[in-house]
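>>> One predicted model, sequence on top.
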Amino acid sequence: MVFRGLCVGLGGFFSFAAVVLCVFANIGQLSNNVVTRNIRYVSVDTRGLGDALSRAGQSNTNIFAQDQSSPVGQGNGIKDDYQWGLYNYCAGEVNGDSRSCSQRNFGFEFLPADAVLSDTPQGDRQTLQNFLPESTFRDSGYLGRFSKAAMYLIFIGSCLALIAWVAGLLSHRFAFLGAAFIALLSALALGVGAALLTAIYVKTKASIDNANFGITIHYGNALWITWAAVLAVALSIVPYIISCCTGRSDDY
């Protein structure tokens with residue numbers, strides 16, 4: 001009885017932890033408050049781009065934003081830093097609240113080159129586009145396709161983690177079996193989604209992250225939060241299975 005109670009408690013603890021972690025991963029960049037603006041999957045630092053353009057003999061006088069809080073995507077100038085969440089991105093100061101965000105939408109895509117170019121004034125856009133390397137950083141088709149798939153998988157995995165936790169609260173052996181199965185599906189969805197994002201971020205970073213182009217990519221805390229959620233929900237599976245095998249078919 002004590003062992004069964006311990007397993008029930010562990011299953012509930014790990015699945016609840018996964019839900020909390022998923023909530024944090026999902027709210028990154030949704031607003032400009034101090035919590036969400038500091039949660040990001042990946043960031044693109046463009047502060048070295050001016051020097052790189054100068055070394056290449058390109059003028060960079062008017063391509064950077066004078067106001068870091070000006071709307072994104074309207075040719076108001078390149079921002080210092082671009083930070084992605086699951087549903088939108090924000091750009092502006094690296095640390096601080098002088099920034100603005102894109103519109104939020106479901107199935108959002110990680111398109112770093114498009115974000116930077118859309119902020120570049122129209123007259124300088126072609127120059128910058130020619131300067132950026134033909135690499136993964138500019139491969140909008142590849143990045144968009146896989147980042148969108150990852151976003152859907154992480155959202156689905158987050159919902160499944162919530163369902164698994166709720167099912168575990170029902171204190172019924174068949175509910176525990178259902179919770180274990182749903183937790184497995186959640187771990188798979190979250191794991192594949194996190195793996196896709198990790199892969200495209202690594203490739204993008206490797207393709208642009210050097211002094212020649214002045215753009216630096218940093219992995220964000222939301223990526224590690226998602227991997228932690230994968231681990232948490234996976235750890236809930238065995239306790240739920242043991243609870244099912246040792247429990248009764250009626251409520252405790």
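The structure has been received and is ready for your questions. Residues are numbered from 1 along each chain as shown.

>>> you'd agree Asp209 is up against Tyr219?
No: using CB atoms under 8 Å as the test, Asp209 is too far from Tyr219 to be in contact (11.0 Å). In this view, the C-beta of every residue, glycine as well, is placed from N, C-alpha and C.

>>> low pLDDT regions in the stretch 1-150 of the chain?
1-9, 60-61 (pLDDT under 70).

>>> Show me where it has its strands.
Here the stretch 1-150 of the chain has its strands, by DSSP state E, counting those that start in this stretch, at 42-45, 81-84, 89-92, 99-101.

>>> Reformat those as JSON lines; add distance to Asn33 and mean neighbour count.
Conversion of the strands of the stretch 1-150 of the chain to JSON lines gives the following (distance: least, CB to CB, whole Å; neighbours: other CB atoms under 10 Å):
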{"stretch": "strand 42-45", "distance to Asn33": "18", "mean neighbour count": "22"}
{"stretch": "strand 81-84", "distance to Asn33": "14", "mean neighbour count": "26"}
{"stretch": "strand 89-92", "distance to Asn33": "11", "mean neighbour count": "26"}
{"stretch": "strand 99-101", "distance to Asn33": "12", "mean neighbour count": "21"}
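
>>> To Gly28, which of these lies closest?
With CB to CB, the closest approach to Gly28 among the strands of the stretch 1-150 of the chain belongs to strand 81-84: 8.0 Å.

>>> Paired strands for the closest one, with orientation please.
Taking DSSP bridges as the criterion, strand 81-84 forms sheet pairs with strand 42-45 (antiparallel), strand 89-92 (antiparallel).

>>> which residue is nearest the middle of the chain?
With the centre of the chain defined as its mean C-alpha position, the nearest residue by CA atoms, centre = their mean is Tyr41, 3.6 Å away.

>>> Identify the single longest helix in the chain, thanks.
Using DSSP state H, we find that the single longest helix of the chain is helix 173-208.

>>> what packs against that one?
With contacts taken as 3 or more CB pairs under 8 Å, 6 or more residues apart in numbering; DSSP states H and E, helix 173-208 sits against helix 2-27, strand 42-45, helix 140-168, strand 216-219, helix 221-235, helix 237-246.

>>> In it, which residues are buried?
Buried residues in helix 173-208, counting neighbours by 16 or more other CB atoms under 10 Å, are found at 173, 175-194, 196-198, 200-201, 203-205, 207-208.

>>> got the angle for it vs helix 237-246?
170 degrees (axes from the mean of the first three to the mean of the last three CA atoms, to 10 degrees).

>>> As JSON lines, the helices and strands packed on helix 173-208 with distance to Pro112 would be great.
Listed next are the helices and strands packed on helix 173-208 as JSON lines, based on distance: least, CB to CB, whole Å:
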{"stretch": "helix 2-27", "distance to Pro112": "19"}
{"stretch": "strand 42-45", "distance to Pro112": "5"}
{"stretch": "helix 140-168", "distance to Pro112": "7"}
{"stretch": "strand 216-219", "distance to Pro112": "8"}
{"stretch": "helix 221-235", "distance to Pro112": "15"}
{"stretch": "helix 237-246", "distance to Pro112": "36"}
